[in-house]
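Peer 1: no sequence on this one, just coordinates:
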């Protein structure tokens, strides 16, 4: 079996965000998060629920149930969902922007729009996948708040913030979370071959960094075989083209 690649480390890191969630609806956005969710379902999170992108709940090629669009909002409101979204911008408290770049009244770039980000972040756990860790994404202040970060969620009175949780941010360089006293972003692990200085240089705000930062875990042999079976064409390597980990 060929060497583990950075893309495959990222798949495992994405899978880990759903560890211990039980029977919740996973909402992965993009190839690497989708592979991660499938890997989690096939290994340590067998109760995880995934859809075929429409209304059928699936486990591999087996249909397990039906979830029409009108029923999704009940799942969201109950906190029984965990999505992994992308982010055009993220700040130190996890506020996310996918709507525009520049002043929202006259933006220099129009992006996706707010979409479901406010409801996702307030109603159930949310994680983020960033395939290119850079200062363009990790900014001191987002141009528009779409996904709600910890500083804003902290101003909401219960029960409005009872399900708010930003579980993790996975990038092509590292895994980050908000396990600090003030809920600002910290460096949780480094992907193999990445140095602390690489992440700090690619981040536009001050990160919380421990004296010793562990390495992101590698896939086991069984996990690696599953990843390559799920993505036989190797599309993951185009999303994270860094070669061996």
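Peer 2: Cool, got the structure. Just so it is clear, the model here is predicted, and its values are computed rather than measured.
Peer 1: Tell me which stretches of the protein form helices.
Peer 2: 6-16, 31-42, 69-77, 117-123, 150-153, 196-201, 221-230, 236-239 (DSSP state H).
Peer 1: which stretch in those helices has the least confidence?
Peer 2: Ranked by mean pLDDT, the helices of the chain end with helix 69-77 in last place, scoring a mean of 86.
Peer 1: for the helices of the chain, which one sits closest to residue 162?
Peer 2: Of all these, helix 117-123 sits nearest to residue 162, with 9.3 Å by C-beta to C-beta. In this view, the C-beta of every residue, glycine as well, is placed from N, C-alpha and C.
Peer 1: about what we covered before: relative to residue 168, which of the helices of the chain is closest?
Peer 2: Once the helices of the chain are compared by C-beta to C-beta, helix 6-16 is nearest, at 7.6 Å.
Peer 1: what's the most buried one of the helices of the chain?
Peer 2: Comparing those by mean neighbour count (mean count of other C-beta atoms under 10 Å), helix 6-16 comes out on top with a mean of 26.
Peer 1: beta partners for the nearest residue to residue 3 once chain neighbours are set aside?
Peer 2: In this structure, residue 3 finds its nearest non-sequential neighbour in residue 244, 4.2 Å apart by C-beta to C-beta, 6 or more residues apart in numbering. Residue 244 has these beta-bridge partners by DSSP bridges: residue 5.
Peer 1: coming back round to it: with distance to residue 175 added, can I get the helices of the chain in CSV?
Peer 2: Converted to CSV, those look like this (distance: least, C-beta to C-beta, whole Å):
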stretch, distance to residue 175
helix 6-16, 5
helix 31-42, 12
helix 69-77, 25
helix 117-123, 19
helix 150-153, 17
helix 196-201, 10
helix 221-230, 16
helix 236-239, 16
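Peer 1: and the residue most central in space within the chain, what are its bridge partners?
Peer 2: Closest to where the C-alpha atoms of the chain average out (C-alpha atoms, centre = their mean) is residue 128, at 2.6 Å. As for beta bridges, residue 128 partners with residue 85, residue 169 under DSSP bridges.
Peer 1: Any idea how many residues pack against the closest residue to residue 179 other than its chain neighbours?
Peer 2: Using C-beta to C-beta, 6+ apart and skipping residues adjacent in sequence, the residue nearest residue 179 is residue 186, 6.0 Å away. As a burial measure, residue 186 scores 16 neighbours (other C-beta atoms under 10 Å).
Peer 1: re the thing from before, hang on, isn't the residue nearest to the centre of the chain packed against residue 169?
Peer 2: Yes - counting by C-beta atoms under 8 Å, residue 128 does reach residue 169; the two are 4.6 Å apart.
Peer 1: Between those two, which contacts overlap?
Peer 2: 87, 90 (C-beta atoms under 8 Å, 6 or more residues apart in numbering).
Peer 1: separation between residue 164 and residue 156?
Peer 2: With the distance defined as C-beta to C-beta, to the nearest Å, residue 164 ends up 8 Å from residue 156.
Peer 1: Which residues are in contact with residue 27?
Peer 2: Residue 27 sits next to 81, 82, 83, 84, 85, 120 when contact means C-beta under 8 Å, 6+ apart.
Peer 1: Right, I'll call it a day here.
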